[in-house]
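Participant: here is the input, now give the coordinates:
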Amino acid sequence: MVDLLKLRTSNNQIINSLLLHPDFIECKPINNYYTSLKNKNGFKIGLHFRKAIEKGFTIGYGYVDVLVSPHYHKNNYLHNGDDFTPLECIKSINEILDYLEIKKEERKELQVVNIEFGLNIIPNSDAQLIFDGLLLYKRSKFSIKYYDIETFKISEATKYKEIKAYLKGLQFLDYPAYNIDKNTLRFEVRSKESKKIKSLGIYTIYDLLKIETYEMLFKELLNEWDLVLLINLHIDKSQIKEKDIAFLDDCSSVEYWEDLMNSKHRNTYLINKKKYYKILLIKNNFHTEIKAKMTEKINNFFSVQIPHREPA
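Facilitator: Sure, this is the predicted structure:
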């Protein structure tokens with residue numbers, strides 16, 4: 001579920017407490033930030049203190065950003081390739097806050113300013129083929145961001161939101177002890193916009209200690225998946241009508257879809273996207289398969305009786 005959080009507070013009591021925490025080391029200052037990182041377990045907790053400057057002199061700190069990774073925390077900071085339920089996420093967050101010695105009554109002071117959340121699924125089809133077929137999010141292309149990391153794709157929809165996909169099974173292929181299925185695929189959303197985060201019912205870390213918040217996150221994940229264009233590069237055409245095969249061949253090119261987006265008729269792209277999925281039928285439609293897997297996983301997470309209560 002939640003993979004990364006950036007929490008911000010200007011509460012002086014929390015800032016001073018974190019400055020004195022013994023398990024962090026000072027790092028090279030970045031502009032007007034003083035940065036420290038946890039000195040063990042893969043540096044998955046970061047503290048970024050924003051200096052308060054007056055007349056050219058540092059007079060203290062205006063706020064601190066706390067970067068945490070709940071899913072990695074669950075797995076001792078080794079990986080995030082397994083299932084991560086809402087209850088496990090709440091447990092991880094509480095453990096991290098306890099470790100940082102942030103008191104329960106102070107936790108509403110930690111504003112959520114950045115969040116990454118997603119799902120790991122094991123599709124029936126080849127995850128590599130699905131990954132290769134991810135072309136667009138809305139009208140923004142998926143691309144390999146880092147030339148040396150071929151298991152990660154990103155679509156930068158805006159400067160405030162990113163849609164990501166990972167071949168988690170291949171990413172951790174050299175670590176069989178982690179017991180991550182080779183065909184594991186991760187779909188993830190990152191939001192850095194305060195307005196969007198608040199629309200999900202998340203204002204402070206306190207909101208992520210409520211089980212009902214995760215229902216909103218899962219709903220958002222499915223909504224974002226609906227905006228993805230995923231094509232099948234190896235279609236079984238045995239049951240496809242002859243008149244539709246040429247259309248499907250055209251659809252395998254991202255340039256074809258870009259031309260549609262540039263059409264003077266703004267709905268041309270969406271009309272052809274619907275047509276493409278309809279022609280594929282169920283067995284060829286990766287997009288439908290992944291959404292069904294995501295929905296099944298979400299339903300499984302909530303299949304047990306979970307008490308709806310305020311966090312302690």
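Participant: double-check that I235 belongs to a helix.
Facilitator: No - using DSSP: H, G, I helix; E, B strand; the rest coil, the assignment for I235 is coil, not a helix.
Participant: hang on, it packs against I279?
Facilitator: No - using CB atoms under 8 Å, I235 is not in contact with I279, being 9.3 Å away. Any C-beta I mention is one placed from the backbone N, CA and C, and that applies to glycine too.
Participant: joint contacts of the two?
Facilitator: Contact criterion CB atoms under 8 Å, 6 or more residues apart in numbering; residues shared by I235 and I279: L248.
Participant: nearest residue to I245 other than its sequence neighbours?
Facilitator: Closest residue in space to I245, ignoring its immediate chain neighbours: K237 at 5.8 Å, by CB to CB, 6 or more residues apart in numbering.
Participant: phi first, then psi, for F49.
Facilitator: For F49, the backbone dihedrals are phi -90, psi 120 (criterion: degrees, to the nearest 10).
Participant: hang on, it packs against Y61?
Facilitator: Yes - between F49 and Y61 there is a contact under CB under 8 Å: 4.5 Å.
Participant: coming back round to it: residues near the residue nearest to I245, how many?
Facilitator: 13 (other CB atoms under 10 Å).
Participant: A helix includes K293, no?
Facilitator: Yes - according to three-state DSSP, K293 belongs to a helix.
Participant: contacts for stretch 270-288?
Facilitator: If you take CB under 8 Å, 6+ apart as the criterion, stretch 270-288 is touched by 123, 125, 129-130, 133, 225, 228-232, 235-236, 239-241, 244, 247-248, 251, 257, 260.
Participant: restricted to strands, list the residues you listed.
Facilitator: V228, L229, L230 (DSSP state E).
Participant: do a quick rundown of the strands in the stretch 1-150 of the chain.
Facilitator: Using DSSP state E, counting those that start in this stretch, the strands of the stretch 1-150 of the chain run over residues 2-9, 24-26, 33-38, 46-54, 57-68, 111-121, 134-137, 140-141, 143-144.
Participant: packing partners of the fifth one?
Facilitator: The helices and strands touching strand 57-68, judged by 3 or more CB pairs under 8 Å, 6 or more residues apart in numbering; DSSP states H and E, are strand 2-9, helix 12-19, strand 46-54.
Participant: find me the pLDDT at the closest residue to L208 other than its chain neighbours, would you?
Facilitator: Leaving aside its sequence neighbours, L208 sits nearest to I93 (CB to CB, 6+ apart; 5.9 Å). I93 carries a pLDDT value of 97.
Participant: same check, this time on the one 4 residues further on
Facilitator: L97 is assigned a pLDDT of 96 by the prediction.
Participant: again, but for I30
Facilitator: Note for I30: predicted pLDDT of 61.
Participant: ok, now F286?
Facilitator: pLDDT, F286: 97.
Participant: what is the neighbour count of it?
Facilitator: Around F286 there are 23 other residues, counting by other CB under 10 Å.
Participant: and if you look at F218?
Facilitator: 21.
Participant: contact partners for it?
Facilitator: Contacts for F218 (CB under 8 Å, 6+ apart) come out as L119, I298, F301.
Participant: wait, S140 sits on K153?
Facilitator: No - using CB under 8 Å, S140 is not in contact with K153; the gap is 11.7 Å.
Participant: between the two, which one's more packed in?
Facilitator: Set S140 next to K153 and count neighbours by other CB under 10 Å: K153 wins out with 21 against 16.
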